[in-house]
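*Asks:* I would like to see how this sequence folds:
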Amino acid sequence: MDIRPSQHPTIPQVLLGLFVVWQLCFLLAGNFIAFFPHGQAQEGELSDSRAMPPGPEEQGPVQNVLEGVAKVTDCWSQSTGQAQAWWLFAPSFPKESTFPVVELRWDDGVSSTSASASSTPPARLGSVIEPSDPQHYFRAPGSFDRLFHYEIRLGLIFWGWNPESLRKHPDLWREAVENRVRRQWKSMRAYLRWRVERFQSEHPGLPPPRQAILLIRLYRTPKPGQEPLKWDGPIELPLARWLPHEDNAPGSLPMQMCDPASGQFLGLKVKE
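*Replies:* From the prediction side, this is the model:
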């Protein structure tokens, strides 16, 4: 009888087995933990995270375990590129498509005399992502993916906006816009500065603009069964304004918010 000595698994085989076991545990835990409140509501300036923070009544030992597991799975998913955004498909999805527009003005937006004194008409800079005809368009693959994700996150605040909601909850919308501008003012200013600098390089004979206004254009998704199938819009909503000549005003943020109820731009004080 030929009795051969048993072979022990090699170190690479052991490591591979541990990795497979860990990956299976990660997939189960990562998907299971998503059904429970955990984490923080916001993750950075350009994040569209839908994390649901736990309420005061949910604190306790069980919640601490959930938070610990979530930190491990979130860290692993982000470091290995396995983060998933299933809310793109369910249980809800945006009913509007948003595109930023930058309006450059050479008056100060305060006095009528400055507007009449400026002989330069406003300039509007649209997004290269927005189709000229939303009913018929084709976009070939290109290098606009990073710009697309940057621009679309500037208008996330207005997903779900409608006039009726604004009439019923003007204070809530005002607070939401203020929080968004406070959270994303660096990203908004960087985007506006980039558009201004590109415009000036293409029009060297013009003086620097005194206002750069960020507007969001909304196209509403047609309702199911709607005939003819037609996109509604666009609706333009001013979101924020940058005054380059007042960029370093002490005690104030460089970006101003637009009150969605009144349409007026309001300065934002730096929070202590």
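*Asks:* Could you use CA atoms for every contact and neighbour count after this?
*Replies:* Fine.
*Asks:* Show me the longest helix that occurs in the chain.
*Replies:* Counting by DSSP state H, the longest helix found in the chain is helix 170-202.
*Asks:* looking just at contacts, which helices and strands does whatever helix or strand comes next after it meet?
*Replies:* For helix 170-202, the succeeding helix or strand toward the C-terminus, using DSSP states H and E, is strand 211-220. For strand 211-220, the elements it packs on are strand 96-105, helix 170-202, strand 232-242, judged by 3 or more CA pairs under 8 Å, 6 or more residues apart in numbering; DSSP states H and E.
*Asks:* Ranking these by mean neighbour count, which comes first?
*Replies:* Among the helices and strands packed on strand 211-220, strand 96-105 has the highest mean neighbour count (mean count of other CA atoms under 10 Å), at a mean of 23.
*Asks:* helices or strands next to that one in the packing?
*Replies:* strand 123-125, helix 145-154, helix 170-202, strand 211-220.
*Asks:* Show residues contacting the first one.
*Replies:* This means strand 123-125. Residues outside strand 123-125 that contact it (CA atoms under 8 Å, 6 or more residues apart in numbering): 101, 102, 103, 104, 105, 195.
*Asks:* follow-up on the earlier one: which among the helices and strands packed on strand 96-105 is found nearest to residue 64?
*Replies:* Nearest to residue 64, of all the helices and strands packed on strand 96-105, is helix 170-202, at 27.2 Å by CA to CA.
*Asks:* Quick one: closest of the helices and strands packed on strand 211-220 to residue 70.
*Replies:* Checking the helices and strands packed on strand 211-220 against residue 70 by CA to CA gives helix 170-202 as the closest, at 23.9 Å.
*Asks:* how distant is that closest one from the center of its chain?
*Replies:* Offset of helix 170-202 from its chain centre (CA atoms, centre = their mean, to the nearest Å): 11 Å.
*Asks:* Give the rounded mean pLDDT of it.
*Replies:* Helix 170-202 carries an average pLDDT of 95.
*Asks:* just checking, what packs against that helix?
*Replies:* For helix 170-202, where contacts count as 3+ CA pairs under 8 Å, 6+ apart, the packed elements are strand 96-105, strand 211-220, strand 232-242, strand 255-258.
*Asks:* Specify the stretch among the ones you listed that is closest to residue 119.
*Replies:* Comparison of those against residue 119 by CA to CA identifies strand 96-105 as nearest, at 10.5 Å.
*Asks:* neighbouring contacts of that closest one?
*Replies:* 120-127, 129-130, 151-152, 154-156, 158-160, 192, 195-196, 209-221.
*Asks:* still on that earlier bit, how about the helices and strands packed on strand 211-220 in JSON lines, adding distance to residue 68?
*Replies:* Shown next, in JSON lines, are these (distance: least, CA to CA, whole Å):
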{"stretch": "strand 96-105", "distance to residue 68": "36"}
{"stretch": "helix 170-202", "distance to residue 68": "26"}
{"stretch": "strand 232-242", "distance to residue 68": "37"}
